[in-house]
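Participant: show me how the following folds:
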Amino acid sequence: MKKIFALLPVVVALTACATVTRGTTEAFVVETTPSGASVTTSLGLSCSPTPCAIPKVKRESEFTVTIAKEGFETTTHNVTHQMSGGGGAGMAGNVILGGGIGALVDANNGATQELVPNPLRVTLQPAAPAVAAAPAASEAAAMAEAPTS
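Facilitator: Numbers count the residues shown, from 1 in each chain. Take a look at the predicted model:
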């Protein structure tokens, strides 16, 4: 009986293993080529200049990331989540040690998940020159107004 009481604190400490060892948030990292871009997310979080990290993003989040830099095309990317190796190991620890409550906690709070892609690596494309498009439009308008015989 004394052995059971001696093991009780260990079992209680190991319930929700992924929550304890990994937490429910992670840093989301954005790297761009070239660097120096601004990053905003649909979660209302942002960072700049790249490379940069947004700390404490919930592991089970799904959001869009918009990357902008003057002279380059603005891009938007989707970020989702998936079961991580470390989260799966934490969940397995719960099941093996009989921590059914811990397994439920880990499964419901996102501790078993990871953001993907993370880090988000993006190569920015130069923006098309606005000056080149303007003369073509002017020429088209002039030709449309020219009298035809």
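Participant: count of residues packed around Ser61?
Facilitator: Ser61 is flanked by 19 other residues according to other C-beta atoms under 10 Å. Quick note: C-beta positions are derived from backbone N, CA and C, even for glycine.
Participant: let me redo that: Ala128
Facilitator: A count of neighbours around Ala128, defined by other C-beta under 10 Å, yields 9.
Participant: before we move on, what SS does it have?
Facilitator: coil (DSSP: H, G, I helix; E, B strand; the rest coil).
Participant: could you pull up the contacting residues of it?
Facilitator: Counting by C-beta atoms under 8 Å, 6 or more residues apart in numbering, Ala128 touches no other residue.
Participant: burial of the closest residue to Leu124 other than its chain neighbours, as a residue count?
Facilitator: Closest residue to Leu124 apart from its sequence neighbours, by C-beta to C-beta, 6 or more residues apart in numbering: Phe72 at 4.1 Å. Other residues lying near Phe72 total 18 when counted by other C-beta under 10 Å.
Participant: could you do Thr74 as well?
Facilitator: There are 12 residues near Thr74, going by other C-beta under 10 Å.
Participant: now Ala37
Facilitator: 25.
Participant: circling back: dump the residue contacts of the residue nearest to Leu124.
Facilitator: Counting by C-beta under 8 Å, 6+ apart, Phe72 has contacts 34, 37, 124-127.
Participant: among those residues, which ones are buried?
Facilitator: 37, 124 (16 or more other C-beta atoms under 10 Å).
Participant: which one of the contacts of Phe72 is nearest to Glu62?
Facilitator: Ala37 (21.9 Å; C-beta to C-beta).
Participant: pLDDT score for the nearest residue to the closest one once chain neighbours are set aside?
Facilitator: The shortest distance from Ala37 to any non-neighbouring residue, by C-beta to C-beta, 6+ apart, is to Lys69 (3.9 Å). Lys69 is assigned 98 on the pLDDT scale.
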